[in-house]
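below is the sequence, then the predicted model.
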Amino acid sequence: MIALSVNLNKIALIRNSRDTVIPSVTEHAQMCIDAGANGITVHPRPDQRHIRADDCRDLAPMLNVEFNIEGNPFAGPRASDRKGVSDYPGFMELVRELRPTQCTLVPDGDTQLTSDHGFDLHRQAEELRPILAELRDLGIRSSLFMDPVPEQMSLAAEIGADRIELYTESFAVAVASDHEIAQTYQRFKDTAEAAIQAGLGVNAGHDLNLHNLPYFRELPGLMEVSIGHALTIDALRMGMPAAVAAYLAALAGR
Ligand SMILES: CC(=O)[C@@H](O)[C@H](O)COP(=O)(O)O
Ligand SMILES: NCC(=O)COP(=O)(O)O
């Protein structure tokens, strides 16, 4: 069974467009859980453009499913620019405070519109090693956001990652453009097999949707997908419970 972790970033993005509390991140988390979601994912960025540290603090005690916090492990504290909104404490400070089920490390910079690349472990392995060791000591499952590069999987395992999360944007583009789908999928398949061979779990995410999931669900050893943008768009049309059910059905091949 491939776990579905619903990313609630875009619920928070809509909320933040006004000084208000709706749409509620926690209410939508509960809706997703009641509809069968296996986990909730959030990506608190230093500028708190969508998910805020306060959202993470509200979610942590209420979740009876896996809680996955994603972000740049080297992101430090940042003062809030919104009245009544707590400062961003720093990514690892927030993780230490909340102890989520899983922490997905992503090499995002402040100026990026969204996550658009994985780690290059040839350059970044040694700076990640102590972070991964700390997550293990905290009892938090670690995952590294990675491009589909088979050669980097053994190093991901060697520095102590429990899982990798395959950055799936290139596969989404291949399916949407109907261009080189088989070749692109093969790169992901080779990377997943290398990850499994290295003893890593395999997660995936970014731009997955109801059109590309029927292909991607066949990936060897796929354990979890985290999906937010497309699922939220579908929820605008069909409602959040029905959207979650549709994604669960797509993952189950129904
Ligand atoms: C790491 C990744 O691909 C997504 O989890 C990320 O959360 C997307 O961030 P935005 O929702 O800010 O685009
Ligand atoms: N890690 C991927 C994620 O959480 C959501 O990505 P997207 O579905 O919003 O592109």
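Cool, got the structure. Ligands and ions are numbered 1, 2, ... in the order given.

tell me the secondary structure at the residue sitting nearest the centre point of the chain.
For the chain, the residue sitting closest to the mean C-alpha position, by CA atoms, centre = their mean, is Ser226 at 5.0 Å. With DSSP: H, G, I helix; E, B strand; the rest coil as the basis, Ser226 sits in strand.

next up, the contacts around it.
Applying CB atoms under 8 Å, 6 or more residues apart in numbering to Ser226 gives the contacts 5-7, 39, 41, 68, 70, 104, 165, 203-205. For every residue, glycine as well, the C-beta is placed using N, CA and C.

make it 10 Å
3-7, 39-43, 68, 70, 102, 104, 143, 165, 203-206, 208 (CB atoms under 10 Å, 6 or more residues apart in numbering).

quick one: buried ones out of those?
Among the contacts of Ser226, those buried by neighbour count (16 or more other CB atoms under 10 Å) are 3-7, 39-43, 68, 70, 102, 104, 143, 165, 203-206, 208.

if we check ligand 2, which of those are in contact?
7, 41, 70, 165, 205-206, 208 (CB under 6 Å from any ligand atom).

mind listing which of the residues you listed are in strands?
The strands, defined by DSSP state E, take in 7, 41, 70, 165, 205 from those.

and the fourth one, what does it touch?
Glu165 makes contacts with 41, 68, 70, 102, 104-106, 115, 118, 143-146, 201-206, 223-226, as judged by CB under 10 Å, 6+ apart.

got a pLDDT number for the residue nearest to it when sequence neighbours are not counted?
Nearest in space to Glu165, with sequence neighbours left out and distances taken as CB to CB, 6 or more residues apart in numbering, is Asn203 at 4.1 Å. Note on Asn203: pLDDT of 99.

was I right about Asn203 contacting Gly118?
No: Asn203 is not in contact with Gly118 according to CB atoms under 10 Å; the separation is 11.9 Å.

find residues that contact each of these two.
Common neighbours of Asn203 and Gly118 (criterion: CB under 10 Å, 6+ apart): 144-146, 164-166.

dump these to JSON lines, plus pLDDT.
Output for these, formatted as JSON lines (pLDDT from 0 to 100):
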{"residue": "Leu144", "pLDDT": "99"}
{"residue": "Phe145", "pLDDT": "99"}
{"residue": "Met146", "pLDDT": "99"}
{"residue": "Ile164", "pLDDT": "99"}
{"residue": "Glu165", "pLDDT": "99"}
{"residue": "Leu166", "pLDDT": "99"}
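
out of the ones in strands among the ones next to ligand 2 among the buried ones among the contacts of Ser226, who's nearest Tyr185?
Proximity of those to Tyr185 (CB to CB) peaks at Gly205, which lies at 16.0 Å.

hmm, the closest one is touching Gln102, no?
No: assessed by CB under 10 Å, Gly205 is found out of contact with Gln102, at 11.9 Å.

anything in contact with each of these two?
In contact with both Gly205 and Gln102: 5, 41, 68, 70, 143, 165, 224, 226, using CB under 10 Å, 6+ apart.

which one of those is nearest Ala157?
Distance ranking of the shared contacts of Gly205 and Gln102 against Ala157, using CB to CB, places Ser143 first at 12.2 Å.

which SS class is that closest one?
Taken by three-state DSSP, the conformation at Ser143 corresponds to strand.

please look at it and Gly118 and confirm they touch.
No: using CB under 10 Å, Ser143 is not in contact with Gly118, being 11.0 Å away.
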